[in-house]
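Asker: Pasting a predicted model and its sequence here:
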Amino acid sequence: MSLAEYRARCLPALEGQMRHIMSRIEGKLSAPFADILRYHMGWEDRDGNPTEPGGKRIRPLLLMLICESVGGSWEAALPAASAVELIHNFSLVHDDVQDMSDYRHGRLTVWKLWGEAQAINAGDALFALAHLAMSELGGTIPPQKVLEAFELLDITCLRLTQGQYLDMAFETRENVSEDDYLVMIGNKSAALISASCELGALVGGASPELMGLYADFGLHMGLAFQIRDDILGTWGDPSVTGKSAATDIMARKKTLPVVYGLRRSGRLRELFAKPRLDEADVTEAVGILNELGAKEYTEQQEELYFQKGMAALDTASPSGEAGEALYELTRWLLRREY
């Protein structure tokens with residue numbers, strides 16, 4: 001079965017599982033509040049009309065493919081897959097507030113429509129829903145394994161918040177090294193991808209050694225994934241990414257190309273020291289990065305971590321059609337355009 005066929009089977013089931021989790025608590029939530037959650041998940045527009053989700057759902061797909069490739073079934077992994085996707089969306093809602101991002105997937109963000117305070121409430125609700133989703137693992141794996149899954153999820157949430165703290169702290173810090181950057185994205189971005197892969201192996205009944213290999217695979221793929229996001233955040237096509245290419249620079253995000261450029265250009269440091277950057281400043285900053293070869297360097301680093309992830313995946317030796325689809329998904333992640 002190809003990756004496209006797995007997507008066609010797994011992703012509708014994933015949406016159904018997450019909607020099922022929502023249905024468990026909708027009687028306990030006011031209708032307008034539940035509408036906000038459904039809007040963010042991509043199930044409805046702001047008027048309540050049905051829509052197709054815009055997210056890539058990469059983390060749950062990795063989890064389900066790995067579960068099946070180690071001898072489990074992707075259906076059994078649906079509770080854990082739902083949990084990681086809901087945690088991802090909890091982090092996105094809060095991230096949009098903290099970064100003051102107006103758009104996500106080409107739609108106005110929750111805080112932009114309902115305000116910052118209600119967006120925080122919505123993010124908190126998605127966090128709680130993730131735990132309700134994980135609790136349904138009890139019908140598929142032993143209780144001790146369920147506890148392990150919960151512990152892994154909660155430690156990952158702590159790492160996500162630590163990464164977000166560093167991301168925000170770096171905006172006003174002049175000297176951020178590449179090592180600092182890697183610690184930040186290792187928590188903010190790679191931790192949840194790594195946990196998704198490890199959870200897939202856990203639910204599939206893999207040994208601790210094999211779980212470790214998949215965690216390592218996910219960590220390095222997560223680093224490569226975020227580095228690709230950095231490239232798209234500076235040079236991506238907004239009509240494809242659904243996000244302005246100026247956003248990261250205006251927010252003084254210490255992305256990898258920026259970290260690379262700040263160490264090599266006094267003029268770029270002057271721009272980033274300004275109280276506020278306008279569109280002309282962004283254009284000049286991108287021009288400096290182009291002259292320094294920052295995009296080429298960043299792509300080289302993406303390739304480096306991608307290859308490290310592939311080495312771990314080769315050692316793990318995922319089997320069957322799910323293993324083939326996992327390789328297909330992994331190759332797509334390199335040099336993606338959105």
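Answerer: Yep, it's here.
Asker: Helices of the stretch 201-338 of the chain, start to end?
Answerer: Here the stretch 201-338 of the chain has its helices, by DSSP state H, counting those that start in this stretch, at 208-235, 238-241, 247-250, 256-262, 266-272, 279-292, 294-316, 320-333.
Asker: which of these has the lowest average pLDDT?
Answerer: For the helices of the stretch 201-338 of the chain, mean pLDDT drops lowest on helix 238-241, to a mean of 74.
Asker: Pipe the helices of the stretch 201-338 of the chain into JSON lines and attach mean neighbour count per row.
Answerer: Just so you know, the C-beta spots here come from the backbone N, C-alpha and C atoms, and that holds for glycine as well. Putting those into JSON lines (neighbours: other CB atoms under 10 Å) gives the following:
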{"stretch": "helix 208-235", "mean neighbour count": "22"}
{"stretch": "helix 238-241", "mean neighbour count": "13"}
{"stretch": "helix 247-250", "mean neighbour count": "20"}
{"stretch": "helix 256-262", "mean neighbour count": "24"}
{"stretch": "helix 266-272", "mean neighbour count": "15"}
{"stretch": "helix 279-292", "mean neighbour count": "16"}
{"stretch": "helix 294-316", "mean neighbour count": "18"}
{"stretch": "helix 320-333", "mean neighbour count": "18"}
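Asker: All the strands of this structure, in order from the start?
Answerer: Along the chain, counting by DSSP state E, strands occupy 103-104, 107-108.
Asker: wait, which of those strands is closest to residue 170?
Answerer: For residue 170, the closest of those is strand 103-104, at 21.4 Å, according to CB to CB.
Asker: just how off-centre is the closest one within its chain?
Answerer: How far strand 103-104 lies from its chain's middle: 14 Å, per CA atoms, centre = their mean, to the nearest Å.
Asker: again, but for stretch 102-109
Answerer: For stretch 102-109, the distance to the chain centre is 16 Å (CA atoms, centre = their mean).
Asker: If you count neighbours, what's buried in that stretch?
Answerer: Along stretch 102-109, these residues count as buried under the neighbour rule (16 or more other CB atoms under 10 Å): 103, 104, 105, 107, 109.
Asker: and the nearest residue to residue 50 once chain neighbours are set aside, what pLDDT?
Answerer: Once flanking residues are discounted, residue 50 sits nearest to residue 44: 6.1 Å by CB to CB, 6 or more residues apart in numbering. The model reports residue 44 with a pLDDT of 96.
Asker: so which of the strands of the chain gets nearest residue 236?
Answerer: That would be, of these and by CB to CB, strand 103-104, which comes in at 13.1 Å.
Asker: Quickly note the distance from residue 125 to residue 83.
Answerer: Using CB to CB, to the nearest Å, residue 125 is found at 14 Å from residue 83.
Asker: Of the two, which one has the most company?
Answerer: Comparing residue 125 with residue 83 by neighbour count (other CB atoms under 10 Å), the higher total belongs to residue 83, at 31 against 21.
Asker: Please give me every residue in contact with the more buried one.
Answerer: By CB atoms under 8 Å, 6 or more residues apart in numbering, the contact list for residue 83 reads 130, 131, 133, 134, 153.
Asker: give me the number of residues near the third one?
Answerer: This means residue 133. The number of residues packed around residue 133, counting by other CB under 10 Å, is 26.
Asker: so who does it touch?
Answerer: Residue 133 sits next to 17, 18, 21, 79, 80, 82, 83, 86 when contact means CB under 8 Å, 6+ apart.
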